[in-house]
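1. just to be clear, the model below is a prediction. Sequence and coordinates:
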Amino acid sequence: MKAAGRRLLGRILIGTGLALAAVSATGAVRAQPLTVVELFTSQGCSSCPPANANLIRIKDRPGVLALSFNVTYWDYLGWKDTFGKKEFTERQVTYEPALGESGPFTPQIVVNGAADTVGNELSKIDALLERGPAAEGPSLRFAKDAIEIGAGAAPAGGADVWLVRYRPGVVQVPVARGENRGHTLGHANVVRSLVRLGSWTGAKAALPLPSGEGGLATAVLVQHHDGGPILAAAAAE
């Protein structure tokens with residue numbers, strides 16, 4: 001075997017070993033840490049289509065978990081957002097004090113729960129992504145029916161553990177009324193449910209995962225209470 005061939009085989013074996021090392025004795029798979037990009041958007045907001053397009057552009061970047069949260073406070077303009085839920089609106093409202101905002105607005109991008117910008121300028125989103133690394137917190141492992149959280153330094157009073165179920169990819173929604181009447185809007189990784197699984201206090205923990213709906217992907221966020229920074233995030237493969 002030539003030297004180049006031996007080096008290639010060595011790299012393959014090392015990569016295989018690392019992949020196997022990510023699997024625990026219980027079959028749980030260690031998830032890679034992710035930078036979470038949340039877009040708060042509305043089908044009834046005429047300023048939102050460019051932000052939706054930007055999220056579509058970044059959704060497949062390595063190390064990024066891009067999520068669309070559709071809010072409800074523009075529904076009165078004549079079009080009820082087909083993905084909007086009050087809990088998504090509440091999540092955005094909770095973020096605003098710590099971010100220094102006077103109230104919720106669309107389109108708003110929040111990165112790792114710690115910094116925000118207007119979502120219709122890709123350069124500003126890129127600047128936030130370049131400013132800091134992926135959230136560093138407890139390790140996360142997806143077991144068959146649970147999320148396993150490693151030990152680490154937790155905030156005083158613990159952190160929230162959120163289960164996010166979202167539809168991966170892009171969905172197109174024709175809008176018949178309101179400010180976007182006659183347009184078809186693209187949405188990336190649309191969140192369909194947000195559930196608080198429990199708390200993490202710094203010790204190892206395993207929280208059960210409820211059964212998911214077909215076609216939806218699963219992500220877990222470990223986050224400061226009351227809309228603070230995201231400590232760790234992972235998506236199941």
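-> Alright, I've got the coordinates.
2. how close does the closest residue to residue 114 other than its chain neighbours get to residue 71?
-> In this structure, residue 114 finds its nearest non-sequential neighbour in residue 229, 4.2 Å apart by Cβ to Cβ, 6 or more residues apart in numbering. Just so you know, the C-beta spots here come from the backbone N, C-alpha and C atoms, and that holds for glycine as well. Computed with Cβ to Cβ, to the nearest Å, the distance linking residue 229 and residue 71 is 21 Å.
3. quick one: which of the two has more around it?
-> Comparing residue 229 with residue 71 by other Cβ atoms under 10 Å, the one with more neighbours is residue 71, at 29 against 17.
4. count the neighbours of the nearest residue to that one once chain neighbours are set aside for me.
-> Nearest residue to residue 71, sequence neighbours excluded (Cβ to Cβ, 6+ apart): residue 89, at 4.4 Å. Using other Cβ under 10 Å, residue 89 has 19 other residues around it.
5. SS state for residue 89?
-> With DSSP: H, G, I helix; E, B strand; the rest coil as the basis, residue 89 sits in helix.
6. can you pull the pLDDT of it?
-> On pLDDT, residue 89 comes in at 98.
7. isn't it right next to residue 72, touching?
-> Yes - with contact defined as Cβ atoms under 8 Å, residue 89 counts as touching residue 72 (5.0 Å).
8. hang on, the earlier thing: so what's the residue nearest to residue 114 up against?
-> By Cβ atoms under 8 Å, 6 or more residues apart in numbering, residue 229 lies in contact with 112-114, 135, 223.
9. quick check: it vs residue 196, distance?
-> Residue 229 is 17 Å from residue 196, where distance means Cβ to Cβ.
10. cool, residue 216 as well?
-> 17 Å.
11. among those two, which residue is more densely surrounded?
-> residue 216 (15 against 11).
12. phi, psi for that one please.
-> Note on residue 216: backbone dihedrals following degrees, to the nearest 10 are phi -100, psi 140.
13. the closest residue to it other than its chain neighbours is in what secondary structure piece?
-> In space, and not counting its chain neighbours, residue 216 is closest to residue 165: 4.5 Å by Cβ to Cβ, 6+ apart. Using DSSP states H and E, residue 165 maps to strand 159-174.
14. how about residue 128?
-> Judged by DSSP H and E, residue 128 forms part of helix 122-131.
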